[in-house]
Structure formats: C-alpha cells, structure tokens
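[1] model the structure of this input:
(one chain, ligands or ions: 1)
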Amino acid sequence: MKKILKQGLIVSCQALEHEPLHSSYVMSKMATAAVEGGAIAIRANGYDDVVTIKQTVNVPVIGLIKRDYEDSTIFITPTIKEVNELAKAGCDVIALDATLRKRPEDEQLDTIVNKTRELYPDIELMADIATFEEAINADHLGFDYISTTLSGYTEETKDIEIPNLNLVKQLDGKVKAKVIAEGGIWTLVHLKQALDFNAYGAVIGSAITRPQLITKRFNSVFED
Ligand SMILES: CC(=O)N[C@H](C=O)[C@@H](O)[C@H](O)[C@H](O)COP(=O)(O)O
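    Model (predicted):
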C-alpha cells in the first residue's frame with residue numbers, strides 16, 4: 001500500500017502557548033527551514049499551525065491537537081472532535097493518542113479510528129504510543145504508522161529514559177505499521193541507533209525547533 005510519508009526525517013514544529021515561539025507564522029518559517037534541510041514531512045500542533053504550514057511548504061503535514069487535562073495528563077488528538085478540526089485544516093496524516101489510558105469524553109480508540117477512516121479515507125493515521133502493548137493494539141486497529149511519542153510521558157512510563165529506542169527495537173518485525181522513533185532524540189547517535197533498529201523514520205522536535213531548550217542544553221556546560 002502506498003504510504004504518504006516517505007522514509008526519512010520528520011521535523012516537529014510546535015510551540016505551545018506558553019513557549020516563546022508560539023506563532024503560526026514562526027512555525028511556518030521553522031517548517032520552511034526544516035524542508036530546506038531535507039525534512040520529508042512536518043509534524044504540527046493545532047488548526048492554525050497546520051493551515052499555515054500547509055500553505056507554506058510542499059511536504060506532507062502530520063497534524064495533532066494537544067490537549068492538557070485537569071490532572072495535567074497530556075493527550076494528543078484524543079477525540080473525534082479534534083480529528084474533524086485537523087481534517088478541516090487539511091493535514092495529510094493525523095496523529096492520534098493510541099495509549100490505553102481512559103480517554104476524555106469516554107470515547108474509544110477503535111471507534112475513533114473507524115470513524116476517521118470512514119469520513120476521511122485519504123488521511124493516514126499515526127498512533128502515538130508509550131508501550132509495546134499499545135503498539136500491538138494500534139497495529140491491530142490498522143494504523144499506518146506507530147510512533148513512540150508518548151513513551152516517558154504517561155504514568156506507566158514516566159520512569160523510562162527517553163529516547164526509548166529499546167521500544168523501537170522491540171517493535172522491529174512485530175507490527176505491520178511503519179515504526180517511527182520519536183521523543184527525546186537529540187544526537188546523531190540516537191538517530192543512527194533508531195535506524196539500526198529499523199525505524200522507518202524519526203521525528204525530531206525540540207532539538208531542532210525549540211531554541212530555549214537547545215540554549216539550556218549548551219548552557220548546562222557552564223553550570224557544571
Ligand atoms: C510528549 C509530547 O507532548 N510530544 C509532542 C508531540 O507531538 C511534542 O511536544 C514533541 O516535541 C514531539 O513529540 C517530538 O519530540 P522531541 O521534542 O522530544 O524531539
């Protein structure tokens with residue numbers, strides 16, 4: 001089956017409201033720079049950013065809508081409401097929260113997947129997972145891509161160090177979906193390791209598009 005995403009590097013261009021670069025215009029410029037550097041796709045958060053980035057670059061856009069809930073749990077595109085917003089924004093792939101946590105509005109992941117396939121047959125689906133079990137479940141649901149995005153960010157995985165490339169290794173040959181390494185990739189060594197474990201692609205965000213974190217990383221040398 002033809003895949004929208006080619007093999008390669010995906011750059012996540014996201015700045016949430018509290019971040020210094022929060023602006024669809026700035027994210028579209030980040031996306032332009034990423035594509036100039038060879039990114040095969042852009043991962044973006046929210047309706048406005050997806051629309052602006054789609055107007056600016058000519059590579060597929062993976063859209064998500066990040067929602068923080070009362071108990072500060074992060075969910076990525078947790079309900080069909082966000083799926084509809086992203087489809088309207090024109091994204092090519094939608095990243096869905098595919099963890100096995102209880103979802104807001106009590107919606108079920110299989111229902112969301114089936115509904116999305118029915119309403120938007122041309123849009124591909126990426127499962128954002130945290131564990132091996134969640135990846136297997138997502139694969140049974142027929143996701144096109146499985147990304148390790150949420151490993152280290154759920155209650156169950158909060159003690160796991162990221163990047164969790166071991167999860168990429170564990171999934172090698174175990175799922176039909178294309179496996180994407182995502183979350184905490186900061187060095188070429190991480191990236192090469194992900195490819196050695198047969199990741200189809202990798203998403204890098206903070207190490208490319210969050211200058212405040214890049215600065216902090218360098219600055220840590222002065223604080224040692
Ligand atoms: C956990 C969560 O909310 N992850 C988000 C998911 O879209 C983004 O904030 C990350 O930047 C993205 O996953 C890429 O990861 P990293 O920035 O570590 O390269």
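[2] so what's the single nearest residue of the chain relative to the ligand closest to, chain neighbours aside?
    The ligand sits closest to Gly205 of the chain, with a gap of 2.8 Å, by Cβ to the nearest ligand atom. Quick note: C-beta positions are derived from backbone N, CA and C, even for glycine. Closest residue in space to Gly205, ignoring its immediate chain neighbours: Ser12 at 3.2 Å, by Cβ to Cβ, 6 or more residues apart in numbering.
[3] the residue of the chain closest to the ligand against Arg43, yeah?
    Yes - counting by Cβ atoms under 8 Å, Gly205 touches Arg43, with 7.2 Å between them.
[4] report the contact partners of the nearest residue to Ala15 once chain neighbours are set aside.
    Nearest non-adjacent residue to Ala15, counting by Cβ to Cβ, 6+ apart: Leu21, 4.0 Å away. By Cβ atoms under 8 Å, 6 or more residues apart in numbering, Leu21 lies in contact with 15, 27, 30, 209-211.
[5] just the buried ones from those?
    Neighbour counting with 16 or more other Cβ atoms under 10 Å marks 15, 27, 30, 209-210 as buried within the contacts of Leu21.
[6] most widely separated two among those residues?
    Met27 and Arg210 (11.4 Å; Cβ to Cβ).
[7] residues shared between the contacts of these two?
    Joint contacts of Met27 and Arg210 (Cβ under 8 Å, 6+ apart) are 15, 21.
[8] before we move on, the earlier item: Gly205 and Arg43: who's more crowded?
    Set side by side, Gly205 and Arg43 show more neighbours around Arg43, with 31 against 20, by other Cβ atoms under 10 Å.
[9] I'd guessed the more buried one sits against Met27; true?
    No - contact between Arg43 and Met27 fails when scored by Cβ under 8 Å: they sit 10.6 Å apart.
[10] need the overlap of contacts for those two.
    Counting by Cβ under 8 Å, 6+ apart, the residues touching both Arg43 and Met27 are 13-14.
[11] can you find the helix or strand in the protein with the smallest mean pLDDT?
    strand 66-68 (a mean of 84; mean pLDDT, DSSP states H and E).
[12] so which bits of stretch 62-78 are buried?
    62-67, 73-78.
[13] spell out which parts of this structure neighbour the ligand.
    12, 14, 43, 64, 66, 74, 76, 149-150, 153, 182-185, 203-207 (Cβ under 6 Å from any ligand atom).
[14] low-confidence ranges in the chain?
    Applying pLDDT under 70 to the chain flags residues 1, 69-72.
[15] okay, strands next: where are they in this protein?
    8-13, 41-45, 61-64, 66-68, 74-76, 93-97, 124-128, 145-147, 178-182, 201-204 (DSSP state E).
[16] so can I have TSV of those strands showing distance to Ala194?
    Formatted as TSV, these follow (distance: least, Cβ to Cβ, whole Å):
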stretch	distance to Ala194
strand 8-13	11
strand 41-45	16
strand 61-64	17
strand 66-68	23
strand 74-76	20
strand 93-97	18
strand 124-128	16
strand 145-147	11
strand 178-182	4
strand 201-204	5
